[in-house]
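Visitor: how does the following fold in three dimensions:
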Amino acid sequence: MHLIKKIRGLDAFRLCVSIMAQAILLVACLAGEVSAASCLPPPRPFVPSDSQAARDYVDLIRSDFEIYMRDIQSYFRCLEVERARAFEEAREVSQDYGRFLELMDE
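Guide: Below you'll find the model as predicted:
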């Protein structure tokens with residue numbers, strides 16, 4: 001019962017902050033590796049089928065297309081970087097496997 005009372009109030013806040021700090025640290029440590037391996041395509045711009053709605057939102061729709069064109073270029077660059085990284089990793093793994101096979105022949 002004493003433990004439950006202790007967790008309430010400021011102690012509960014400290015516990016929550018401690019857990020959040022650990023989670024943020026974990027995400028920060030993994031962020032570089034995760035972002036290098038994940039390229040997310042931008043969402044396609046929406047074009048309403050109703051011509052009046054398209055006229056009403058012409059500036060917004062035009063902006064969505066411009067943002068898409070900018071973001072798709074970043075996506076292509078990300079894919080190229082990831083392809084090069086994966087190719088290099090596969091080459092290294094192949095070399096590791098060759099060394100492993102040599103060890104097994106000894």
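Visitor: how near is residue 66 to residue 72?
Guide: From residue 66 across to residue 72, the span is 11 Å (C-beta to C-beta, to the nearest Å). (Glycine included, C-beta is placed from N, CA and C.)
Visitor: next: residue 90.
Guide: With C-beta to C-beta as the criterion, residue 90 and residue 72 are 26 Å apart.
Visitor: show me which of those two is the more surrounded one.
Guide: Just comparing residue 90 and residue 72: by other C-beta atoms under 10 Å the higher neighbour count belongs to residue 72, 13 against 10.
Visitor: number of nearby residues for residue 67?
Guide: Residues near residue 67, counting by other C-beta under 10 Å, number 13.
Visitor: cool, and residue 98?
Guide: Neighbours around residue 98, by other C-beta under 10 Å: 10.
Visitor: over to residue 58?
Guide: Neighbour count for residue 58, taken as other C-beta under 10 Å: 10.
Visitor: now residue 105
Guide: Here the count is done by other C-beta under 10 Å, and residue 105 has 5 residues near it.
Visitor: one more: residue 71?
Guide: Residue 71: 14 neighbours (other C-beta under 10 Å).
Visitor: not counting sequence-adjacent ones, nearest residue to it?
Guide: Closest residue in space to residue 71, ignoring its immediate chain neighbours: residue 42 at 3.6 Å, by C-beta to C-beta, 6 or more residues apart in numbering.
Visitor: dihedrals phi and psi, residue 46?
Guide: Residue 46 adopts backbone torsions of phi -90, psi 130, taken as degrees, to the nearest 10.
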